[in-house]
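Asker: task: produce atomic coordinates for the following.
(one chain, ligands or ions: 2)
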Amino acid sequence: MHREFGGVVPELAARDHLKRLPHLLDLAVETAGVKTGDFDLLAVTRGPGLVGCLLVGVGVGEGLAAAWSKPLTGVNHLWGHIYAAMLTRADLEPPLLGLVVSGAHSDLVRMPVHGHFEVIGRTRDDAAGEAFDKAARMLGLGFPGGPALDRLARHGDPRRQPLPRPSLPGLEYSFSGLKTALLYRLRDLGGSATDRDRADLAAAFEQSVVESLLEKLETALDEQPVAEVVVAGGVAANSLLRRRAQEVVGNRARLTMPPLELCTDNAAMIAAAGSLGGAFRPAEVDPSLGWD
Ligand code: KG4
Ligand code: ZN
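Answerer: Ligands and ions are numbered 1, 2, ... in the order given. As a prediction, this is how the structure comes out:
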């Protein structure tokens, strides 16, 4: 639906949510083999995200809560990515250091206890997933490009067409310069870019993003050691990031990265955050919610 536009069209996405959600819900209840009385709490994403989609979700949530006489709690989408890791490991508890990398965020957070997050690093321009999607588009891979770039990079050598590694002081990220470097390199190659060039550039781009993400994670771990590290969000599905994160964290802490289906957006992570995240919160839509 969104591919021909090269990105998500908010209006189409909201309408599609409205169209698909009731059927999806029936299917989920049927597949899980549960009855409506089998659970204690409904959880719905209240932000951050696209306002139209959030409103549809909250509207459906409110309807179900009324029909089934169950309480409805509003969940922060970003918390969901961290709580996805707790679905993976039942004994995983804060305090932890988290890296959440998605289409709109590249955030380093400390979580001292359930339901509390302190942002210690973020991107000053593009998010990691956004950078992957834009790079993929330049390389002619369509949308969403992150997974396609991941696959192409496996056939490339990052040393043949090296790209700069972003480096800002402290725990800040920046990926827009790297994106411009790729654009100029492709422009210099003009029509003569071969499949091998494209694979090499994909590998170089991926390496720069991944090493930059992990460099700051490592700094944060050095500055304030902690026993548990979580790397989550859609970009945590990236194969190089998964491999390198394990090497970088090593035995300094225990690393948890959710399985692929729990890294990219999903409902299970919202259920986990709703039930484990502590205090009950009203389901008030806030498209630009931070980590509150
Ligand atoms: O968390 P998510 O599913 O949605 C948001 O909350 O944004 O993250 C989506 C992002 C997209 O930018 C997508 O291209 C990226 O995650 N992504 C990947 C991979 N799989 C998904 N990026 C790199 N490599 C992947 N394998
Ligand atoms: Zn997400």
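Asker: and for the residue in the stretch 101-250 of the chain positioned nearest to ligand 2, the neighbour number?
Answerer: In the stretch 101-250 of the chain, no residue comes nearer to ligand 2 than residue 102, which is 4.1 Å away by C-beta to the ion. C-beta: built from backbone N, CA, C; applies to glycine. Neighbour count of residue 102, defined by other C-beta atoms under 10 Å: 23.
Asker: same question for the one 10 residues further on.
Answerer: Residue neighbour count, defined by other C-beta under 10 Å, stands at 12 for residue 112.
Asker: does residue 72 touch residue 63 like I think?
Answerer: No. Contact between residue 72 and residue 63 fails when scored by C-beta atoms under 8 Å: they sit 9.7 Å apart.
Asker: more neighbours, those two?
Answerer: residue 72 (21 against 12).
Asker: contacting residues for that one?
Answerer: 41, 42, 43, 44, 61, 62, 64, 65, 283 (C-beta atoms under 8 Å, 6 or more residues apart in numbering).
Asker: nearest spatial neighbour of it, skipping sequence neighbours?
Answerer: Of all residues not flanking residue 72 in the chain, residue 65 sits nearest, at 3.9 Å (C-beta to C-beta, 6 or more residues apart in numbering).
Asker: can you tell if the helix or strand hosting residue 109 touches ligand 2?
Answerer: Secondary structure assignment for residue 109, by DSSP states H and E: strand 106-111. No. Using C-beta under 5 Å from the ion, strand 106-111 never reaches ligand 2; the gap is at least 11.2 Å.
Asker: direction included, what does that strand pair up with?
Answerer: strand 96-101 (antiparallel), strand 118-121 (antiparallel) (DSSP bridges).
Asker: can you list the ones you listed in TSV and add mean pLDDT?
Answerer: Output for those, formatted as TSV (pLDDT from 0 to 100):
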stretch	mean pLDDT
strand 96-101	98
strand 118-121	98
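Asker: redo those strands as TSV? Include mean neighbour count.
Answerer: As requested, the strands paired with strand 106-111 are arranged in TSV below (neighbours: other C-beta atoms under 10 Å):
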stretch	mean neighbour count
strand 96-101	27
strand 118-121	16
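Asker: and ligand 1, which of the ones you listed is closest to it?
Answerer: Ligand 1 lies closest to strand 96-101 among the strands paired with strand 106-111, at 7.5 Å (C-beta to the nearest ligand atom).
Asker: ok, residues contacting the closest one?
Answerer: Here strand 96-101 has contacts from 78, 81-82, 106-111, 117, 127-129, 213, 217, 220-221, 224, 226-236, 241, 253, using C-beta under 8 Å, 6+ apart.
Asker: buried only: go through those for me.
Answerer: 78, 81-82, 106-111, 117, 127-129, 213, 217, 220-221, 226, 228-236, 241, 253 (16 or more other C-beta atoms under 10 Å).
Asker: this protein against ligand 1: which residues are in contact?
Answerer: 102-104, 129, 132-133, 144-147, 150, 233-235, 237-238, 264-265 (C-beta under 6 Å from any ligand atom).
Asker: can you check the pLDDT for residue 59?
Answerer: If you check residue 59, the pLDDT there is 97.
Asker: how about the secondary structure of residue 221?
Answerer: For residue 221, the assignment made with DSSP: H, G, I helix; E, B strand; the rest coil gives helix.
Asker: is it true that it touches residue 229?
Answerer: Yes. Taking C-beta under 8 Å as the definition, residue 221 is a contact partner of residue 229 at 6.8 Å.
Asker: overlap in contacts, those two.
Answerer: 97, 249, 253.
Asker: where in the stretch 51-200 of the chain is pLDDT low?
Answerer: Along the stretch 51-200 of the chain, no part satisfies pLDDT under 70.
Asker: residue 145: neighbour count?
Answerer: Neighbour count for residue 145, taken as other C-beta under 10 Å: 22.
Asker: let me see the contact set for it.
Answerer: 132, 133, 134, 135, 136, 137, 139.
Asker: quick one: the spatially most distant residue from the centre of the chain from residue 226, how far?
Answerer: Among residues of the chain, the one most distant from the C-alpha centroid is residue 192; the distance is 34.6 Å, by C-alpha atoms, centre = their mean. For residue 192, the distance to residue 226 equals 49 Å [C-beta to C-beta, to the nearest Å].
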